[in-house]
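1. My questions concern the predicted model and sequence given below.
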Amino acid sequence: MKQRKRVARAPVAQRSAEPGEIPLAVPEHGAATFKLSASAPNAVQRAPAPQTGTSPAAPTAEELAALKTKMQAELALKVASIGRMQFKSNWQTRRNTITTLAGKKANLPESFQFLLEPATKDELAKLSVADRESIAAALENTLITNLTGLSGADLDTEFNALPAGIRGNIEGGRNGYVGIRKPLFATFGDLAGMKAYYADMKSADFPSAGSSAKGRYTQVHKNLKDRLDKAITLMKSKKTGDKTWFEIMEANVKGVGGFNIRENRNNVDKLSDHSFGWAIDIDAPQNPNFGSIDEQMVSAVSGIDIDKGTSVENIRKGGNADALLPDIEKLKAGSEQFKTAFSDDAHFKAEFLKQLSAAGITLDDAAYTAYTTLITQNKKSSGLHEYLKKQYLAQHFDKESKEFDTKVGPLATLLINSYDAATVKKEKAAVIETALKTELSIVGLSPGKPDMKALTTLLSGKAKDKNSKVEELLKKMFFTKNTAGFNPGTVASITHRMYLTNQAVSGNHSTIKAQTEATHSSIAVHGYLNLPGELIAALTGQDGGDLDWLGATGGTKDYMHFQLKSGQRPPLVKAAPTPATAPATAPATASTPLIQEKSLQPDTADRQEQEADQMAEQISTQLPFKVSADPGPVQRKR
């Protein structure tokens, strides 16, 4: 039998199997790929033949190395803007995003949302996870060096050398340590100084060891512990109704915070009093810090001046608990009144109109709608001034306004004719001005130099609509004269903030939580002072704890916060002087920080702070790039 001649076939192009495909070896036909049918899972279908053309070549090792260097340089520019507090609060989120490329843009600071933009994300995605982690680690190390003068490894060595009782109470852990390292060493000098001071920390046992309040075992300095014990003794001896003050406190206090080594919330270049065990915070969210609150608006709506009112001044002066309690209760009543004003739209409108009425302006429903619409159209309250002036003028000088409207046209013509005649006669400027002022006095106007200059400029010009422009200026003079005793700025600011706050809370009360750092919305729903008055009186009264309460301080209010007075505070332990700096590469020890800074007490003179800043600046000039200083208004201790 004659054999058939085999014909050579060209090999089939091979490719890798796609998900769901099965690679098969087929005799005489080379490798092929098949995939399961969705409609018939057990049926095998031939996969489409590979398309002609070639796919983009994978980046070479050299290209990837160049891309890694490029991305690291670009990200370094963004990292350069991160300050100590930003490092503490959200550097870890940024680092994770660089490594994983996961998450939502909304969860990132605005300056770092570019990481999840397609252009940046696609470039980073070309790198391996290990390469991205390497970039993030290098950026962190550079950033730590820029913020502290230490390498990341040296910082970890120093942090781990801290006693557990100190390390465990640093807010934010190791990243938080970066934030407060400078003021911490500036205060204590070195680890030996820290250890000596913190040996005197005690359990607060406040409200009591048997209380259900969270944080009752928080650590405080023994001096504060003694003050708290005196307040408890006083509360057990006094009653309101059939309950002791102590029972009232036990029933109401839910949480206490004390020892917490962190920055001052209102001045991040200093340590908080909580860092030294000098202060406690009680039920913080319900008795918040007023860092960014409009206290003028709060005072107006509360019906009591929370900053300079009589009650606040009396509390600041001090006295026994019984004497302080009535003024404390007035502040609490103000908080309740403030909360009631935003409890529903009817209460809000009544309070809103009341604030306008106090300024001499009454609005009917139509005017109320017009004014609140104007508020929504103006981001700043200054945009409301002219409207309020017109309302005030109409309501208080309506007769005078109507009479002026009948005279303004003829007066404008008279002024123009008089000026033209005087210039033809070549009268001196002083003579012309005197004549004009005499004619203006006919309608009770006595303009100052700016208005007279504007008037003579108009009169000397050649504008076709000169009459109407002169009339407009005369109306402005009349308007200014008759609203001189009215201050639109205050009522505009108060009502503007009120309305925007009510817009935020209306219908949303159940979703708005109390906040430790107050927002206008949170205090509108929850009030701002919810501690028992008896507790505040016992802690601040001279026959009790005799502590400072920052709810009655000048400046920013902090209703949760009680602290030792300056004369009650222990001296801070400082070590012997040491060199200003040590090389960043020097090994760390358990007792010596890698960078020694000058010792200074909190709240020392500006000169000493400037010296510390100069030292930091000298360090930063030797670093790859600079980081902008943290913002933080200097207000008062917290």
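-> That came through, no problem.
2. can you pull out the strands in this structure?
-> Under the criterion DSSP state E, strands of the chain are mapped to 21-26, 30-36, 44-46, 201-203, 219-221, 239-240, 243-244, 256-257, 263-264, 267-271, 279-282, 548-549, 561-563.
3. residues in contact with stretch 513-525?
-> 265, 284-286, 288-294, 297-298, 338-339, 341-342, 497, 500-502, 504-505, 508-509, 512, 526, 528, 560 (CB atoms under 8 Å, 6 or more residues apart in numbering). Just so you know, the C-beta spots here come from the backbone N, C-alpha and C atoms, and that holds for glycine as well.
4. I'd like the mean pLDDT over it, please.
-> Averaging the model's pLDDT scores along stretch 513-525 yields 97.
5. can you check stretch 221-239 too?
-> Here stretch 221-239 scores 97 as its mean pLDDT.
6. hmm, back to that, got a quick ChimeraX command for the buried subset of the contacts of stretch 513-525?
-> Applying 16 or more other CB atoms under 10 Å to the contacts of stretch 513-525, the buried members can be selected in ChimeraX as follows:
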select :265,284,285,286,288,289,290,291,293,294,297,298,338,339,341,342,497,501,502,504,505,512,526,528,560
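7. Now do the contacts for the residue nearest in space to the middle of the chain.
-> The centroid of the chain falls nearest to Ser292 when counting by CA atoms, centre = their mean (6.9 Å). By CB under 8 Å, 6+ apart, the contact list for Ser292 reads Glu517, Ala518, Thr519.
8. Please name the bridge partners of the first one.
-> Applying DSSP bridges to Glu517 yields these beta-bridge partners: Asn289.
9. Val253 is in contact with Lys214, isn't it?
-> No - in this structure Val253 lies outside contact range of Lys214 using CB atoms under 8 Å: 9.6 Å.
10. Looking at those two, which one has more neighbours?
-> When neighbours are counted by other CB atoms under 10 Å, Val253 and Lys214 differ, and Val253 comes out ahead with 22 against 13.
11. how far away is that one from Asp322?
-> 21 Å (CB to CB, to the nearest Å).
12. any low-confidence regions in the protein?
-> Within the chain, the ranges that satisfy pLDDT under 70 run 1-56, 573-638.
13. could you point out the longest helix in it?
-> Looking across the chain with DSSP state H, the single longest helix is helix 398-424.
14. tell me which residues in it are buried?
-> Neighbour counts over helix 398-424 (16+ other CB under 10 Å) mark Ser401, Phe404, Val408, Leu411, Ala412, Leu414, Leu415, Ser418, Tyr419, Ala422 as buried.
15. With distance to Glu329 added, can I get the residues you listed in TSV?
-> Below are the buried residues of helix 398-424 laid out as TSV (distance: CB to CB, whole Å):
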residue	distance to Glu329
Ser401	47
Phe404	51
Val408	56
Leu411	59
Ala412	61
Leu414	64
Leu415	62
Ser418	67
Tyr419	67
Ala422	70
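16. In the residues you listed, find the pair that's most separated.
-> Within these, two members stand farthest from each other by CB to CB: Ser401 and Ala422, at 30.1 Å.
17. Quick one: the helices in the stretch 301-450 of the chain, in order.
-> In chain order, the stretch 301-450 of the chain shows helices spanning 310-317, 321-341, 345-358, 365-377, 385-396, 398-424, 429-440, 449-460, with DSSP state H, counting those that start in this stretch as the criterion.
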